[in-house]
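Peer 1: build the 3D model from these lines:
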Amino acid sequence: MSIASTDEAFHEVRRVRSTGHVGDSIEGLKASDLFDETKTAKENKSLLMSYELERMGFGRYQLFVFLLCGLGFFTDLLFAQAFGLITVPLESEPDFGTVNDGNIGTLFTAFNVGLTVGAFSWGILVDVVGRKWSFYCTCLLASIFGLAAGGSPNFTALRVLVAFSGLGVGGNIPIDATITLEFLPTKNRWLLALLSLFQPIGVLVASGIAYGFVPNYSCGDGATAVSETVCRSADNRGWRYTLFTVGGITLGVFLLRFLLFTFRESPAYLVNLGKDREAIEVVKAIAKVNKADAPAFTMEDFNEIDRRCGNTIGEDQVKVGAGRRGEVFAESSKHALRQLTNVKVLFQNRKMARLTILLWITFICDFFAFNIAGAYLPLILSDRNIAQGKTLAETYRSYVAIYAPGIGACILAAALIELPRLGRQWSMVFFSALMGVSMFIYTRVETEAASVGLNALEYIAQSAFNAILYAYLPEVYPSSVRGTASGVASTLGRISGIVAPLIAGPLYSAGPDKAQNAAHVLYLGGGVAFAATIALIFLPFDNKGRRVH
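Peer 2: Numbering: from 1, shown residues only. Prediction:
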């Protein structure tokens with residue numbers, strides 16, 4: 001690789017080292033030009049590969065990763081929405097006769113328990129066993145238990161199977177966001193926010209599936225609960241068909257990932273593990289898929305970095321005895337333990353500690369608020385429509401009108417985060433506040449048009465807010481703890497999601513006045529959303545334009 005101008009190269013390298021921003025003038029830089037004596041060997045190697053991915057640009061491989069990771073986001077709300085739309089038929093079936101407005105929230109609690117365990121477990125595992133097998137297993141688990149949930153004999157069994165499906169679904173967002181980030185060039189990182197575009201698509205698909213099955217295969221057309229003496233399980237199959245379809249779609253996502261696409265382990269993960277040669281081979285494979293030039297750096301460049309950093313243990317020494325199962329297991333166990341202790345990186349200095357704590361508060365408040373919105377806004381709208389004599393078909397048409405704008409919200413979010421005066425931080429501040437405002441105003445409206453409009457506004461704000469939040473979090477942490485950081489934050493959010501329906505359930509069934517009960521739930525959700533807004537105002541920095549390592 002030749003450098004046209006030594007001065008230009010020098011200034012480019014110095015600018016990157018001081019700001020972390022990667023520009024367009026990267027063609028021709030040598031490995032030796034990029035070496036930074038203030039960084040560790042792993043950081044220098046990661047920087048070298050980052051430059052190579054920048055040079056390669058966004059190609060076919062990145063497109064495939066983006067679409068398949070997007071399907072992970074798709075299944076996240078596909079399941080959540082499906083569970084929200086099968087509640088009324090459950091009340092009609094004899095074996096589900098204990099279901100009512102007071103305890104229906106336990107179904108969402110069960111799902112959130114699974115999501116919580118999944119987010120924490122997979123958040124750690126993605127940094128221990130790697131991105132590849134985590135990428136496969138989450139969808140496989142979700143599909144198996146989603147299909148099984150459709151055959152549940154009673155409400156207890158349904159809640160158990162729903163919780164296990166959440167175990168798989170819960171890993172999707174931290175894993176898929178981490179994977180996408182590590183393969184994207186800096187100038188294409190706005191696509192990370194666009195991953196959330198798949199979530200409202202999942203909501204729409206789930207609504208369409210339920211609309212096709214619930215009215216046609218349920219007692220009383222699924223509009224209201226009917227007496228258990230006149231409703232047989234054989235006549236109330238709509239909710240089961242809905243879950244079978246959702247599980248089948250998720251199984252299809254797994255097959256796409258496992259059979260039709262050759263997923264390569266993340267080079268950043270491999271370098272962090274000391275597997276330099278494998279990391280180089282992955283970058284070569286990506287270049288081949290993208291029909292780009294082969295990477296210019298070699299193993300000799302990595303060895304030179306080791307020598308200049310004073311490393312005495314090379315890759316080959318690390319892998320001595322790797323063929324022996326006992327030693328492989330011991331090495332994996334040590335790595336898992338190191339990964340758990342690496343959580344201290346989240347608090348390595350005052351700025352990082354502040355960032356971590358504020359993001360944890362944001363996730364807790366966000367998940368609390370949108371779980372209340374997801375579980376109770378459809379119920380509130382259904383109750384209002386029933387009181388006004390609306391049909392089930394009209395209610396489901398309203399759901400489509402509410403959730404369809406979420407697609408545009410994610411596109412808007414991806415655009416706003418690149419604006420200089422807004423970026424990630426202030427876009428999140430705006431949308432989280434709008435989420436709270438819309439829930440407050442919803443307590444004051446009575447007409448169908450206003451109800452649908454405020455529901456849609458809340459979902460637009462929620463979709464945009466989460467699109468940016470899910471993109472921001474993995475950007476601000478190093479690759480060694482990126483999955484762990486995402487997993488811990490998601491876990492705290494999921495725990496909040498467990499608590500939310502337990503608090504909101506009694507409020508929603510507190511008395512005979514359903515309008516007043518609904519208002520209490522909405523004030524609770526809106527108030528917690530505003531707490532997220534306050535936390536976001538105090539974030540220490542935005543991450544726009546910075547290359548991640």
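Peer 1: which residues does residue 514 contact?
Peer 2: 383, 387 (Cβ atoms under 8 Å, 6 or more residues apart in numbering). Backbone N, C-alpha and C define where each C-beta goes, glycine included.
Peer 1: for it, give its distance to residue 204.
Peer 2: Using Cβ to Cβ, to the nearest Å, residue 514 is found at 27 Å from residue 204.
Peer 1: what does residue 463 give?
Peer 2: Separation of residue 463 from residue 204 (Cβ to Cβ) stands at 12 Å.
Peer 1: equivalent analysis for residue 459, please.
Peer 2: 11 Å.
Peer 1: now residue 83
Peer 2: Distance of residue 83 to residue 204, computed by Cβ to Cβ: 16 Å.
Peer 1: returning to what we had before: which one's more surrounded, residue 463 and residue 204?
Peer 2: residue 463 (29 against 20; other Cβ atoms under 10 Å).
Peer 1: let me know the helix or strand that that one is in.
Peer 2: helix 448-475 (DSSP states H and E).
Peer 1: buried set for that helix?
Peer 2: By 16 or more other Cβ atoms under 10 Å, the buried positions in helix 448-475 come out as 448, 451-475.
Peer 1: again, but for stretch 491-509
Peer 2: Buried, per 16+ other Cβ under 10 Å, within stretch 491-509: 491-498, 500-501, 504-509.
Peer 1: give me the contact list for it.
Peer 2: Stretch 491-509 has contacts (Cβ under 8 Å, 6+ apart) with 100-106, 108-109, 112-113, 115-116, 118-120, 123, 170, 360, 363-369, 371-372, 375-376, 379, 517-518, 520-521, 524-525.
Peer 1: just the buried ones out of those, please.
Peer 2: 101, 104-106, 108-109, 112-113, 115-116, 118-120, 123, 170, 360, 363-369, 371-372, 375-376, 379, 517-518, 520-521, 524-525.
Peer 1: so which of the residues you listed are in strands?
Peer 2: Using DSSP state E, no member of the buried ones among the contacts of stretch 491-509 sits in strands.
Peer 1: okay, stretch 482-493 in PDB with CA atoms only?
Peer 2: Extracted C-alpha coordinates of stretch 482-493, given in PDB (Å, rounded to 0.1, in the frame of the first residue of the first chain):
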ATOM      1  CA  ARG A 482     -20.200  -4.900  24.400                       C
ATOM      2  CA  GLY A 483     -22.500  -7.900  24.600                       C
ATOM      3  CA  THR A 484     -22.300  -8.000  28.400                       C
ATOM      4  CA  ALA A 485     -23.100  -4.200  28.600                       C
ATOM      5  CA  SER A 486     -26.100  -4.700  26.300                       C
ATOM      6  CA  GLY A 487     -27.200  -7.800  28.100                       C
ATOM      7  CA  VAL A 488     -27.000  -6.200  31.600                       C
ATOM      8  CA  ALA A 489     -29.000  -3.100  30.500                       C
ATOM      9  CA  SER A 490     -31.600  -5.300  28.800                       C
ATOM     10  CA  THR A 491     -31.800  -7.500  31.800                       C
ATOM     11  CA  LEU A 492     -32.600  -4.500  34.100                       C
ATOM     12  CA  GLY A 493     -35.100  -3.300  31.600                       C
END
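Peer 1: from the chain's centre, how far out does it sit?
Peer 2: With Cα atoms, centre = their mean, to the nearest Å as the basis, stretch 482-493 stands 10 Å off its chain's centre.
Peer 1: same check on stretch 46-63?
Peer 2: Chain-centre distance of stretch 46-63: 23 Å, with Cα atoms, centre = their mean.
Peer 1: buried ones in it?
Peer 2: For stretch 46-63, the neighbour count (16+ other Cβ under 10 Å) marks 46-56, 58-59, 61-62 as buried.
Peer 1: do the same with stretch 251-271
Peer 2: Neighbour counts over stretch 251-271 (16+ other Cβ under 10 Å) mark 251, 253-254, 257, 263-271 as buried.
Peer 1: just the mean pLDDT for it, thanks.
Peer 2: Averaging pLDDT along stretch 251-271 yields 89.
Peer 1: roughly how far does residue 281 sit from residue 54?
Peer 2: Residue 281 sits 19 Å away from residue 54, taking Cβ to Cβ as the criterion.
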